[in-house]
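Student: Sequence and predicted structure are below.
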Amino acid sequence: MPEWLTRYLPDDWGGRNFLIGAIALTLITFVLSIVVCVVVVIRIPHDYFAGPHPPDAWRHRHPLVRWPLLVGKNLLGVLLVLLGVVMSFPGVPGQGILTILLGVMLVNFPGKRRFEKWLLRRRGVLRTINRMRARYGQPPLLLDVAPPPP
């Protein structure tokens, strides 16, 4: 165990206690990240990916409320991406890739909508998500709305 880390741990936290704590922290963050992913997948409106633009949930809010919410959402997304990158390093507990994906979902960037649809069209991704949604009584996600008949 590194010397700088032993300064911050209790004296009785030797190698075995540290290992048990690291395993427990890893398992807790793993379960928590799966729960968060399931909740996000279930709460997405079924027509969120239909059409060329995502629904704007804050469209009817006053700009003095909408802009701070938008900035805060993007800052939280960037923070999650950075934490995910750190958690991706060997020896750092946590689910790095899942955290990065959650962060990317929050950040606004050009081409994001196209990237999200591309990701959902990968083999098995949409099917898995829709099975999960069906298990919790939610309708399947729609990717595109068919054009209205003439």
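Tutor: Yep, it's here.
Student: least trustworthy helix or strand in this protein by mean pLDDT?
Tutor: Counting by mean pLDDT, DSSP states H and E, the weakest-scoring helix or strand in the chain turns out to be helix 3-6, with a mean of 71.
Student: Buried by neighbour count: which residues of the helix or strand following that helix qualify?
Tutor: Downstream of helix 3-6, the first helix or strand assigned by DSSP states H and E is helix 15-43. For helix 15-43, a neighbour-count test (16 or more other Cβ atoms under 10 Å) marks 29, 33, 37, 41 as buried. Backbone N, C-alpha and C define where each C-beta goes, glycine included.
Student: pLDDT of helix 15-43, averaged?
Tutor: Averaged across helix 15-43, the pLDDT comes to 80.
Student: Distance from the chain centre to the least confident helix or strand of the chain, please.
Tutor: 32 Å (Cα atoms, centre = their mean, to the nearest Å).
Student: Over to stretch 55-73?
Tutor: Distance of stretch 55-73 from the chain centroid (Cα atoms, centre = their mean) equals 20 Å.
Student: Just the endpoints, please. Distance across it?
Tutor: Distance between the two ends of stretch 55-73: 16 Å, counting by Cα to Cα, to the nearest Å.
Student: Contacts only, for the residue positioned nearest the centre of the chain.
Tutor: Centroid-nearest residue in the chain, with Cα atoms, centre = their mean: residue 102, separated by 1.7 Å. When contacts are counted by Cβ atoms under 8 Å, 6 or more residues apart in numbering, residue 102 touches 33, 36-37, 40, 77, 80, 84.
Student: Those residues into JSON lines, with extra columns for distance to residue 122?
Tutor: As requested, the contacts of residue 102 are arranged in JSON lines below (distance: Cβ to Cβ, whole Å):
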{"residue": "33", "distance to residue 122": "20"}
{"residue": "36", "distance to residue 122": "21"}
{"residue": "37", "distance to residue 122": "16"}
{"residue": "40", "distance to residue 122": "18"}
{"residue": "77", "distance to residue 122": "22"}
{"residue": "80", "distance to residue 122": "22"}
{"residue": "84", "distance to residue 122": "20"}
